[in-house]
Structure formats: structure tokens, C-alpha cells
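1. with the sequence up front, the predicted model follows.
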Amino acid sequence: MGVLIASIIILVWLAHLFYSLVYLNVNLSDPLFYLNVLIQAYLFTGLFITAHDSMHGILSNNKKVNKLFGQICTTFYACMSYKRLIKNHFMHHKNPGEENDPDFNAKSQNFFLWWAAFLFRYTTILQIILMGIIYNVLKIWIPEIKLLMFWILPAFLSTFQLFFFGTYLPHRKPHLNEMKPHNSRSQKKNHLLAMLSCYFFGYHYEHHAFPHIPWWQLYKVK
């Protein structure tokens, strides 16, 4: 089931990106333009959530299949280093909300400073080079405004969604007693909002308590 759901997310992401770049126009007065940008951003988030499940080894019992899907998703997302992601993510689970947590900003709880540090920590020189190459190749056939609005902007919005619902809201201080031992809070029980906000990752205490549960079953342990 994990591989099937992962495959669907990847294929829908590809299909909608192709549709947007080829058939849609950038029309700031058209509400459908904004809707398609948001849909693509949500699908980008789905890519990262799929990669996240692969890091936990819960897409498939086959380790090579897990790794393959993780690498595909992180590459499609933004040519990210899967190796770096998996190293930092397990450090996050080991020390959530603490100074040794690579996803936590112990120096400042300011939203924008923390978000900037979050983005910087996962950006590499190789990633920037690869993204630059892909962008410049694609613009031979696709207008730059389309690349910016239907590819770059949705990816950027997705980082906001992932950070806000999956890091900032759950792990920000104060760390109350009910957040122990994971220093993580959880959004109120509403499965529809939890799915729409970040693929159930607003149920974040539950994820830390049950890291072997895939995203599409997190609601069951809320």
C-alpha cells in the first residue's frame, strides 16, 4: 500500500506540473491560476512527506525500494540530498526540540529566522547547481514566468507548509509537560483539516510516538 500511495503522489505531481507548464497561462486575474499554484504546492508537500516515510523505512519492507522512492522524491522536490536529510531527520527524532536537534532553532523562536535557518540547513551547493541547470534547460521550451509560478513558487510555498505545520507549530517553545518526552504538541482532532494542512503531520506528537506509522494512517493513532 505504501508503494502504491507513493507512486500515485509522484505521478499526480508530475501530471499536474506538466499540465500547468504546458496548458495553463499565468493570469493574475484568474482565480483558477491561484488554485493550480496551491494544488502544485500541496503536491510538492506530498513528495516530501513520501520521502519522509521512506526515511523511516515504512514505504516497503524492501530497503532498496524505500531508498529508491526517497531519492526520487527528494530529487523531484528540489534536487535535495537524501543522505543529508535522513541523517538530520534521525537526529531530530533523537533530540526533538533540543539544542542538538538540527530542525530546531535554539537561538531564536522567531518564525522567520527559524524558517530561514531551516531552509539554509538543507540547501547545498550541488543542489543549487543542479536546480540552475534544470531551470536553464527548461526555459528553452517553457516561458520563464511559467517556471517561476508553477514550479519554483509552489516548491517554495511547500517549504512554508512543511515548516509551519511540521516543525514550528509542534516544536516551538514553551515545551509543556504534556509535550514530553518528544517536545511536540499536536493539533486538535480534525482529520480533514489535518490532511489538508500537512498530510496529518499536524498530529505531530503522534508521529514522534509512533514513527513506524505511515502518514496516511497517522489519524488512527490520534
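-> Cool, the structure landed. Given the structure is predicted, the values throughout are model-derived calculations rather than measurements.
2. where is the longest helix in this structure?
-> Longest helix of the chain, by residue count under DSSP state H: helix 31-55.
3. quick one: that helix to chain centroid distance?
-> 8 Å (Cα atoms, centre = their mean, to the nearest Å).
4. check stretch 12-26 too.
-> 20 Å.
5. mind listing what's buried in that stretch?
-> Neighbour-count burial for stretch 12-26, counted by 16 or more other Cβ atoms under 10 Å, picks out 13, 16-17, 20-21, 24. All C-beta atoms are positioned from the backbone trio N, CA, C, and that covers glycine.
6. against residue 98, how distant is residue 208?
-> 13 Å (Cβ to Cβ, to the nearest Å).
7. what's the answer for residue 212, then?
-> Separation of residue 212 from residue 98 (Cβ to Cβ) stands at 22 Å.
8. do residue 173 as well
-> Look at residue 173 and residue 98: by Cβ to Cβ, they are 11 Å apart.
9. by contact count, what packs against the helix or strand bottoming out on mean pLDDT in the chain?
-> Taking mean pLDDT, DSSP states H and E as the measure, helix 111-121 is the helix or strand of the chain with the lowest mean score, a mean of 89. With contacts taken as 3 or more Cβ pairs under 8 Å, 6 or more residues apart in numbering; DSSP states H and E, helix 111-121 sits against helix 153-163.
10. make CSV from the buried residues of stretch 12-26 and add secondary structure to it.
-> Shown next, in CSV, are the buried residues of stretch 12-26 (DSSP: H, G, I helix; E, B strand; the rest coil):
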residue, secondary structure
13, helix
16, helix
17, helix
20, helix
21, helix
24, coil
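11. now, which of those residues sits nearest residue 5?
-> Nearest to residue 5 among those: residue 13, at 12.6 Å, using Cβ to Cβ.
12. show the pLDDT at the closest one.
-> Residue 13 carries a pLDDT value of 98.
13. and residue 123, by the same measure?
-> pLDDT at residue 123 comes out at 87.
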